[in-house]
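Asker: Can you look at this prediction? I've put the sequence above it.
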Amino acid sequence: MSNLEIRDLHVSVETEQGTKQILKGVDLSIGEGETHAIMGPNGSGKSTLAYAIAGHPKYTVESGSVKLDGEEVLTMTVDERARAGLFLAMQYPVEIPGVSVSNFLRTAKTAIDGAAPPIRGWIKDLDSSMSQLRMDKSFRERNVNEGFSGGEKKRNEILQLELLKPKFAVLDETDSGLDVDALKIVSEGVNRAKANTGLGILLITHYNRILKYIQPDFVHVFVAGKVVEQGGPELAVRLENEGYDRFLSNVNVGS
Amino acid sequence: MSAAPTANTGLIETDQHGMKAHSDGGDAYVPVQSRAERFTSTSVDDFEKVTGFELEWKLTPIARVTALTEGELDGSAPATVLPEGVPGVTASWVDRSDARIGTAGAPEERASANAWSSFEKALAIDVSGEELHEYRVIRSELGQTPRAAHTVITAAPFSQGLVILSNSGDAQLSENVEIVVGEQAQLTVVTVQEWTDESNHLASHFARVGRDARLRHIVISLGGGVVRVNPSIHLVETGADGSAFGAYFADAGQHLEQRVYIDHVAAQTKSRVKYKGALQGATARSVWVGDVLIGPHATGTDSYEENRNLVLSEGPRADSIPNLEIETGDIQGAGHASSTGRFDDEQLFYLQSRGIPEDEARRLVVRGFLAEIVAQIGSEQVESELSAAIEAELTRAQGI
């Protein structure tokens, strides 16, 4: 059984005002096939957690560890982490001019698997994933994320999730900016990936909305760089009704 | 001139910057010269010896091209392979007296005039077919003798064509290329430089685009020591449309220069200029100058020019100089953009987060950056050859 263990993670970022501590001791354990929702107010450090796990150079890990099946992830380069089985679905996917979606996906798949995928099976997988995500075939020839709508960018992220078959995926506000139809399509894609590969999911969201379509096993409330409360799906419902106010009495959000 | 006394503020009075004449200039007032007023002549003797201080030459390593600017040039027809049996396109070697010569422009500098004074036979390519066919001219055996060349490409009214000048091997070449695009014709002219490192090439292209006609001009410079290709596109009749694209990849020791001039003469003319370059190695150099002139009669003009440089290592130098002159108030648009920078870290992070190793991610970004221009050519064969050539450049370039 695969597992992702985050222990006492402290992360800072350089700002114009100096070094700023964002994550202040995060502990999380995610097992194979489990879905963990991280919910919290804006500025609580949810996205920082996502980027720190993926290895974005802007974030400095001060202390702590992130282990994937016992292997320390924090000493790996960004691409090594991906090849080890981590995936980050980004809130704002980046445009890559002049690089077609099909070329990009094949290059990534080849890098992850260590060998080029057999052409026939690959085209079949690509076609089937794209059609399930309601992506027209013409997407293959478009440049990565260039001129994509917000919903198209998110579907393109989930397409990669399905094709690259990671062990654990961090979904960073994948629901933001999606209408209800797109939200359903994207959620179905995530659920398919989970059913097919036993994917473990760290689902970062501000709202309860996506949790109607992607059922979490655990809900963690994230405030001021820490997990302050954990529970089952019922916690998300309670947050929806009560908001984050009861966690915020002693902290200054977004400072 | 001294500044008029103003309210007594108790501060030391200084003249406003620029209000006082320079001490070295005397009383002579030298206005900034309009691009349209530049001296032209087809005779080399009308130009002074190149010193390197001229506006046209000050960014060029002139010591490396003295043979072309000052020396005697072999004017015999250069070794050229012409395709056979391309429908709607004919080519022949013609005398200096041919009526087609001199119809699209005249030299503005000495190397161009030297070539014009020296050539004995010109290559005349006539495009007359109404269906698009590719006509590819190959020059790969010019050798190291300094030589001159002259080419006139004429697209008859209503014709369509794609003419590719493929250059490789050794060369010491100064040349002029004239391009005449007749009414409603659609012509693409591509010049590809894949010379050896020991080669130098100075080219002036002059284009005259007629009524509702369209010219796409594409310069791809990958190989050569000093390579300077300067296209001047004159949009002389109503509705003329000119695009100038360019891609270059400068390695250590290479100087790749392009001075683009778009001359909006007539009303309702449109132009787009987009040049993209990659530079790798401490002594890699590129120069892009983009002059756009919108003349007094060019009302309703729409123009935009853009140059992007991607610097792949420490030390290269890229000059990027857009100049816009507008002589009428009634235009649709005139814009310019220029940027020179390193890799976009967010692009690299995105690619790496998909498992792609850093060096491969960098190659993917550069390839994509230049592919946008290569894709404009419209010939699968040439596009795939150039993609391979760019790939080879990237593989050679260490550290990316």
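Answerer: Received it, and whenever you're ready, just let me know what you need.

Asker: alpha carbons only for contacts and neighbour counts from here, please
Answerer: Noted.

Asker: interface residues of chain A facing chain B?
Answerer: A:54, A:56, A:78-83, A:87-88, A:93-99, A:107-109, A:111-112 (C-alpha under 8 Å from any C-alpha of the partner chain).

Asker: Of these, which belong to helices?
Answerer: A:54, A:78, A:79, A:80, A:81, A:82, A:83, A:107, A:108, A:109, A:111, A:112 (DSSP state H).

Asker: So how do I select the buried members of the residues of chain A next to chain B in ChimeraX?
Answerer: ChimeraX command restricting the residues of chain A next to chain B to the buried ones, with burial defined by 16 or more other C-alpha atoms under 10 Å in any protein chain shown:
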select /A:54,56,78,79,80,81,82,83,87,88,93,94,95,96,97,98,99,107,108,109,111,112
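
Asker: Which helix or strand contains the closest residue to residue A:28 other than its chain neighbours?
Answerer: Ranked by C-alpha to C-alpha, 6 or more residues apart in numbering or on different chains and with sequence neighbours excluded, the top spatial neighbour of residue A:28 is residue A:6, at 5.0 Å. For residue A:6, the element it lies in under DSSP states H and E is strand A:3-15.

Asker: Kindly report the same for residue A:193.
Answerer: Residue A:193 belongs to helix A:180-197 when assigned by DSSP H and E.

Asker: which other helices and strands contact that helix?
Answerer: Contacts defined by 3 or more C-alpha pairs under 8 Å, 6 or more residues apart in numbering or on different chains; DSSP states H and E place helix A:180-197 against helix A:150-164.

Asker: could you point out which element follows the helix holding residue A:193?
Answerer: Toward the C-terminal end, the helix or strand that comes next after helix A:180-197 (DSSP H and E) is strand A:200-205.

Asker: Can you list the strands that that following strand pairs with?
Answerer: Sheet pairing of strand A:200-205 (DSSP bridges) gives strand A:35-39 (parallel), strand A:168-172 (parallel).

Asker: want to throw those into JSON lines with mean pLDDT and mean neighbour count?
Answerer: Formatted as JSON lines, the strands paired with strand A:200-205 follow (pLDDT from 0 to 100; neighbours: other C-alpha atoms under 10 Å in any protein chain shown):
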{"stretch": "strand A:35-39", "mean pLDDT": "96", "mean neighbour count": "25"}
{"stretch": "strand A:168-172", "mean pLDDT": "97", "mean neighbour count": "26"}
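
Asker: if we can go back for a sec, which one of the ones in helices among the residues of chain A next to chain B is nearest to residue B:308?
Answerer: Of all these, residue A:107 has the smallest distance to residue B:308: 25.6 Å, by C-alpha to C-alpha.

Asker: Might you report the residue contacts of the closest one?
Answerer: By C-alpha atoms under 8 Å, 6 or more residues apart in numbering or on different chains, the contact set of residue A:107 is A:116, B:356.

Asker: Distance check, it against residue A:171.
Answerer: Distance of residue A:107 to residue A:171, computed by C-alpha to C-alpha, to the nearest Å: 22 Å.

Asker: about what we covered before: quick one: strands adjacent to the helix or strand immediately after the strand holding residue A:6 in the chain?
Answerer: Counting by DSSP H and E, the element after strand A:3-15 in chain order, helix or strand, is strand A:18-31. Sheet pairing of strand A:18-31 (DSSP bridges) gives strand A:3-15 (antiparallel).

Asker: gap between the partner strand and the chain center?
Answerer: 15 Å (C-alpha atoms, centre = their mean, to the nearest Å).

Asker: Please identify the buried residues of it?
Answerer: A:3, A:4, A:5, A:6, A:7, A:8, A:9, A:10, A:11, A:12, A:13.

Asker: what comes into contact with it?
Answerer: Residues from elsewhere that reach strand A:3-15 (C-alpha under 8 Å, 6+ apart): A:19-32, A:48, A:52, A:58-69, A:168.

Asker: quick one: low-confidence parts of chain A?
Answerer: Applying pLDDT under 70 to chain A flags the ranges A:249-255.

Asker: one more time with 80
Answerer: For chain A, the stretches flagged by pLDDT under 80 are A:248-255.

Asker: you'd agree residue A:51 is up against residue A:45?
Answerer: No: the criterion here is C-alpha atoms under 8 Å, and residue A:51 misses it with residue A:45 at 10.0 Å.

Asker: Which of those two has more residues huddled nearby?
Answerer: residue A:45 (21 against 17; other C-alpha atoms under 10 Å in any protein chain shown).

Asker: Contact partners for that one?
Answerer: Neighbour list for residue A:45: A:22, A:23, A:222, A:223, A:224, A:225 [criterion: C-alpha under 8 Å, 6+ apart].

Asker: Repeat that for residue A:92.
Answerer: Contact analysis of residue A:92 by C-alpha under 8 Å, 6+ apart lists residue A:153.

Asker: next one: residue B:135
Answerer: Taking C-alpha under 8 Å, 6+ apart, one finds B:83, B:86, B:89, B:161, B:162, B:163, B:164 in contact with residue B:135.

Asker: Tell me how many other residues crowd residue B:372.
Answerer: Neighbourhood size, residue B:372 [other C-alpha under 10 Å]: 18.

Asker: Which elements pack onto whichever strand or helix holds it?
Answerer: Assessed by DSSP H and E, residue B:372 sits inside helix B:358-374. For helix B:358-374, the elements it packs on are strand A:96-100, strand B:241-250, strand B:270-279, helix B:345-352, helix B:380-396, judged by 3+ C-alpha pairs under 8 Å, 6+ apart.

Asker: which other helices and strands contact the third one?
Answerer: Counting contacts by 3+ C-alpha pairs under 8 Å, 6+ apart, strand B:270-279 is packed against strand B:241-250, strand B:285-294, strand B:302-311, helix B:358-374.

Asker: Can you name the two of the contacts of residue A:45 that sit furthest apart?
Answerer: The most widely separated members of the contacts of residue A:45, counting by C-alpha to C-alpha, are A:22 and A:222 (11.7 Å).

Asker: quick one: which of those two has more around it?
Answerer: Neighbours per residue (other C-alpha under 10 Å) separate residue A:22 from residue A:222, with residue A:222 holding more: 25 against 21.

Asker: That one touches residue A:38, doesn't it?
Answerer: Yes: in this structure, residue A:222 is within contact of residue A:38 by C-alpha under 8 Å, at 6.4 Å.

Asker: Overlap in contacts, the two.
Answerer: When contacts are counted by C-alpha under 8 Å, 6+ apart, residue A:222 and residue A:38 have residue A:46 as shared neighbours.

Asker: what residues does chain B put near chain A?
Answerer: B:346-347, B:349-358, B:364-365, B:367-372.

Asker: can you do 7 Å?
Answerer: Within chain B, the positions lying close to chain A (C-alpha under 7 Å from any C-alpha of the partner chain) are B:346-347, B:349-350, B:352-357, B:368-369, B:371-372.

Asker: Mark which of those residues are buried, thanks.
Answerer: With burial judged by 16+ other C-alpha under 10 Å, the buried subset of the residues of chain B next to chain A is B:347, B:349-350, B:352-357, B:368-369, B:371-372.

Asker: Just want the residue of the stretch 1-150 of chain A that's nearest chain B.
Answerer: Residue of the stretch 1-150 of chain A nearest chain B, by C-alpha to the nearest C-alpha: residue A:98 (3.7 Å).

Asker: residues in contact with the closest residue to that residue other than its chain neighbours?
Answerer: Nearest residue to residue A:98 in three dimensions, chain neighbours excluded: residue B:368, at 3.7 Å (C-alpha to C-alpha, 6+ apart). When contacts are counted by C-alpha atoms under 7 Å, 6 or more residues apart in numbering or on different chains, residue B:368 touches A:97, A:98, A:99.

Asker: contacting residues for the last one?
Answerer: Taking C-alpha under 7 Å, 6+ apart as the contact definition, residue A:99 lies against A:143, A:144, B:368.

Asker: Isn't the first one up against residue A:102?
Answerer: No: Residue A:143 lies out of contact with residue A:102 (C-alpha atoms under 7 Å); the separation is 8.9 Å.
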